[in-house]
Every structure is written in C-alpha cells, then in structure tokens.
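J.: Give me the fold of what follows.
(chains A and B)
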Number of protein chains: 2
Amino acid sequence: MSNSVTQTARAAVPALETDERADHFVVRDGIRCAGAHLIIDLYDADRLDDIDHIEETLRRAIEVSRATLLHIHLHPFEPNGVSGVAVLAESHISIHTWPENGYAALDVFMCGDADPDACIPVLREAFSPSKIAVSELLRGRAVHAS
Amino acid sequence: MSNSVTQTARAAVPALETDERADHFVVRDGIRCAGAHLIIDLYDADRLDDIDHIEETLRRAIEVSRATLLHIHLHPFEPNGVSGVAVLAESHISIHTWPENGYAALDVFMCGDADPDACIPVLREAFSPSKIAVSELLRGRAVHAS
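T.: Reported below is the predicted structural model:
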C-alpha cells in the first residue's frame, strides 16, 4: 500500500499571526460568494517539466495576488510532469503539467481580499503558452448569509 | 513575511514503485481529455470543523476512487474552518470548509483510471449535506494527441 508511506503534513507550520482566516465571504461582480475559483488551461506551453521554475511561478502568483502561502508541495513524475499544490489562507492553487503535450491544468481558488486574476499575467510570462483558457466559478453563491 | 516560514514539502515522500504517472490522457464520455475535474459544493453540511474526520474522509474518498495518495496536508483555521489538499498520482483533491455557514467547497481532479464519481457517496455519508452540487469539467480536451 503506497498510502502507508504517505506523510501527513498537518500542523507542520506553526500558528502565525496571519493564521486568521482570510477566506471570508466576499461580493464579486455584485454576487456574494465564498470566493472566485479560476479554472485555467495552458496550451503549447514551455518549461512544464522544470519543477524549480514551477515553484517559483506559484510563489510569484501568490505574491502578486496578495494571498498568504501556508504550505506548498510539488511532486515530480517519471518520466515527466509535475503536480503542485499551494494551500493559502485564502484557499489554494494547483498545477498539473503534461510537458509532452505542452499542456498544464491549473486552478486558483481565492477568497477574501486576494486578487486571483493577477495570477494570469504571471502564468503567461512564466510558461509562454500560445493559448490560455480561463473560466471563473463563483463558489458558494447559494450560501445564505449567517 | 509569513512566506518566510512556509515549508516546501517537495520530495518529502521517497520515490515509490507507484511513482509512475497515473494521469495519462483518457477517453471519458467519448471525449479524449486529461481527466475529469469535479467541482463539488456541500450545503447545510455537518462536521466541517472536525479536522480528523475531514482527513479520514479524504483518505476514504481517495481509496474508493482507486487513486494513489502521494501527499496530504490539512490546515485548521481560527476561529473555525479547515482547508485540506491531497496530491494524487492522478492529480488532486481539495476541501475548504465554512462551518458557520454549513458550506464546503471541494474539487476532485482525477486522471487515468481513477473514478472520481466514487467520492460523492463518501462525501454524502461523511458530512450529511442537505444538498450536494456537482459539476464536471473535462480538462485538456483541446489538447492534440502527441
């Protein structure tokens, strides 16, 4: 069972002053919701097997979005490809790459005052895709105010 | 800067025999794609502040989906709420909870031969929501065969 060697990284980061939730409900485009969830596809992209570059890019995207990074994990695959996730005070970012296809699937879910749209130019510059497709989902819009 | 204390968990899990990519392109509903990405919202749900229960549920969902867990991280927020991500050989699962609203936002992205739909009954049983909303995105369907 491969699961038996899987670590649980919970609580590896000590409590911070910034540990307060930053994912309060917001109003976006006039709609009250838990946050904006961007579904992002990169086509004909470069550097999708460069794990250091991918980590730097995720960190840069988080920074420009004014989000707070709590935990980041990247996993290289054989023979190629990278998966990465970043847990944020505002939710998460993920990336999965298929270098042989020039394709990467990302999602950027940010609540509170962060600006997920700011990630897009960072991704464009980092991976030089010929096309980026972005869809926005407003999560939790059916939740009643408490 | 809170980022300065953020660990990078990369390579914390040693290479496994199962480390081979399990996220090859598949045909789903007659469409070739990188994988199915389920966007799942739970409303009026219970136990959304029970981090042990949330971790057990993620592990159970991964097991019944026949996916391979590589890394899992859960983060408790003050005063309440949990964020969790699991990196899989087949992509990832995430959960973010707002116990005060009875709301949880999940996404389940699975490629290869895993069965993401198998997560739904597990989530229903674990959190007893009055409503579950599930949307399926077929990621990478515009990618040409290599």
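J.: From here on, just use CA atoms for contacts and neighbour counts.
T.: Noted.
J.: Please enumerate the strands of chain A.
T.: A:26-28, A:31-33, A:35-43, A:69-76, A:82-88, A:91-98, A:103-111, A:131-139 (DSSP state E).
J.: quick one: the fourth one to strand B:69-76, angle?
T.: Angle between the axes of strand A:69-76 and strand B:69-76 is 180 degrees (criterion: axes from the mean of the first three to the mean of the last three C-alpha atoms, to 10 degrees).
J.: Could you pull up the mean pLDDT of stretch A:43-53?
T.: Mean per-residue pLDDT for stretch A:43-53: 98.
J.: Let me know whether that stretch sits next to chain B.
T.: Yes - applying C-alpha under 8 Å from any C-alpha of the partner chain, one finds stretch A:43-53 touching chain B at A:Y43.
J.: Ranking helices and strands of chain A by mean pLDDT, which lands last?
T.: strand A:26-28 (a mean of 74; mean pLDDT, DSSP states H and E).
J.: picking that back up, please point out the stretch among the strands of chain A with the lowest average pLDDT.
T.: Looking over the strands of chain A, mean pLDDT reaches its minimum on strand A:26-28, with a mean of 74.
J.: In that one, which residues are buried?
T.: Neighbour counts using 16 or more other C-alpha atoms under 10 Å in any protein chain shown place A:26-27 of strand A:26-28 among the buried residues.
J.: Return the list of helices and strands in contact with it.
T.: Helices and strands touching strand A:26-28, by 3 or more C-alpha pairs under 8 Å, 6 or more residues apart in numbering or on different chains; DSSP states H and E, are strand A:31-33, strand A:35-43.
J.: Go through those strands and pick out the most buried.
T.: Burial of the helices and strands packed on strand A:26-28 is given as mean neighbour count (mean count of other C-alpha atoms under 10 Å in any protein chain shown); strand A:35-43 ranks first at a mean of 23.
J.: Sheet-wise, list the partners of that one with their directions.
T.: strand A:103-111 (antiparallel), strand A:131-139 (antiparallel) (DSSP bridges).
J.: and the residue nearest the centre of chain A, what is it in contact with?
T.: In chain A, the centroid-proximal residue (C-alpha atoms, centre = their mean) is A:I93; its distance is 1.2 Å. Counting by C-alpha atoms under 8 Å, 6 or more residues apart in numbering or on different chains, A:I93 touches A:58, A:85-87, A:106-109.
J.: will you turn the strands paired with strand A:35-43 into JSON lines that also has mean neighbour count?
T.: Listed next are these as JSON lines, based on neighbours: other C-alpha atoms under 10 Å in any protein chain shown:
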{"stretch": "strand A:103-111", "mean neighbour count": "25"}
{"stretch": "strand A:131-139", "mean neighbour count": "15"}
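J.: Return the closest of the contacts of A:I93 with respect to A:S130.
T.: Set against A:S130, the nearest of these by C-alpha to C-alpha is A:L106 (15.8 Å).
J.: Which residue is the nearest non-sequential neighbour of that closest one?
T.: A:I95 (4.3 Å; C-alpha to C-alpha, 6 or more residues apart in numbering or on different chains).
J.: isn't the one you found right up against A:A104?
T.: Yes - A:I95 is within contact range of A:A104, at 6.8 Å (criterion: C-alpha atoms under 8 Å).
J.: what do the two both touch?
T.: With C-alpha under 8 Å, 6+ apart, A:I95 and A:A104 have no common neighbours.
J.: picking up where we left off before, what is the residue nearest to the centre of chain A paired to in the beta sheet?
T.: A:A86, A:V108.
J.: do the same with the one 4 residues further on
T.: In this structure, A:T97 bridges to A:A104 when assessed by DSSP bridges.
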